[in-house]
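> okay, predicted coordinates and the sequence, questions at the end:
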Amino acid sequence: MDSAGERFEAIRAALADWNNILTVKDLCELAGVSRSGYYNWVCSEKNREFREAKDRAAFEQILGAYRFRGYAKGVRGIHMRLLHMGIRMNVKKIRRLMRKYKLTCPIRKPNPYRRLQ
């Protein structure tokens, strides 16, 4: 288990098992997380889903700008295309969403003829 969210999910799965005899306190100690962190994670589930929906909608806009005119664009090209579409979005947000949804722009290779000079 790498992230705290995965640990919290494991605790939730263990608590849902009808054969479980451990308490939340014991499971949190085993996972190495705090009880307050677990309860905060449980209460903020609706906010995470809302944030995920907003990210997905913003990524759809990014994807539309990325596919415009049929060739791949980098972050700055996407940012400029979104501005022309009337959508103002921070470059850091574009980078974060591209990384989250694994959208990459192919990097140009160096010109081999220039290397020969």
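Arrived safely, thanks for sending. Numbering: from 1, shown residues only.

> which one is the residue most central in space within the chain nearest to, not counting chain neighbours?
By Cα atoms, centre = their mean, the mean C-alpha position of the chain lies nearest to residue 100, the distance being 3.7 Å. Excluding its sequence neighbours, the residue lying closest to residue 100 (Cβ to Cβ, 6 or more residues apart in numbering) is residue 55, at 6.9 Å. Just so you know, the C-beta spots here come from the backbone N, C-alpha and C atoms, and that holds for glycine as well.

> distance of that neighbour from residue 2?
21 Å (Cβ to Cβ, to the nearest Å).

> likewise for residue 88?
Counting by Cβ to Cβ, the separation of residue 88 from residue 2 is 34 Å.

> secondary structure element for residue 102?
Assigned by DSSP states H and E, residue 102 belongs to no helix or strand.

> what number of residues lie near the closest residue to residue 89 other than its chain neighbours?
If the residues on either side of it in the chain are set aside, residue 89 comes closest to residue 82, at 5.3 Å by Cβ to Cβ, 6+ apart. Around residue 82 there are 21 other residues, counting by other Cβ atoms under 10 Å.

> flag every buried residue along the helix or strand containing residue 82.
Here residue 82 sits within helix 75-84, counting by DSSP H and E. Going by neighbour count (16 or more other Cβ atoms under 10 Å), the buried part of helix 75-84 is 78, 79, 81, 82.

> residues in contact with that helix?
61-62, 65-66, 68, 73, 88-89, 91, 94-95, 98, 105 (Cβ atoms under 8 Å, 6 or more residues apart in numbering).

> may I have the longest helix seen in the chain exported as PDB, CA atoms only?
Counting residues, the longest helix in the chain under DSSP state H turns out to be helix 45-66. Extracted in PDB, the C-alpha atoms of helix 45-66 (Å, rounded to 0.1, in the frame of the first residue of the first chain):
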ATOM      1  CA  GLU A  45     -15.800  11.300  -0.100                       C
ATOM      2  CA  LYS A  46     -18.500  13.500  -1.600                       C
ATOM      3  CA  ASN A  47     -16.000  16.300  -2.100                       C
ATOM      4  CA  ARG A  48     -13.500  13.900  -3.900                       C
ATOM      5  CA  GLU A  49     -16.200  12.800  -6.300                       C
ATOM      6  CA  PHE A  50     -17.200  16.400  -7.000                       C
ATOM      7  CA  ARG A  51     -13.500  17.300  -7.600                       C
ATOM      8  CA  GLU A  52     -13.100  14.300  -9.900                       C
ATOM      9  CA  ALA A  53     -16.100  15.300 -11.900                       C
ATOM     10  CA  LYS A  54     -14.800  18.900 -12.300                       C
ATOM     11  CA  ASP A  55     -11.400  17.500 -13.300                       C
ATOM     12  CA  ARG A  56     -13.000  15.200 -15.900                       C
ATOM     13  CA  ALA A  57     -15.000  18.100 -17.400                       C
ATOM     14  CA  ALA A  58     -11.900  20.300 -17.600                       C
ATOM     15  CA  PHE A  59      -9.900  17.400 -19.200                       C
ATOM     16  CA  GLU A  60     -12.600  17.100 -21.900                       C
ATOM     17  CA  GLN A  61     -11.900  20.700 -22.700                       C
ATOM     18  CA  ILE A  62      -8.200  20.100 -22.800                       C
ATOM     19  CA  LEU A  63      -8.700  17.100 -25.000                       C
ATOM     20  CA  GLY A  64     -10.700  19.200 -27.400                       C
ATOM     21  CA  ALA A  65      -7.900  21.700 -27.600                       C
ATOM     22  CA  TYR A  66      -5.300  19.000 -27.900                       C
END
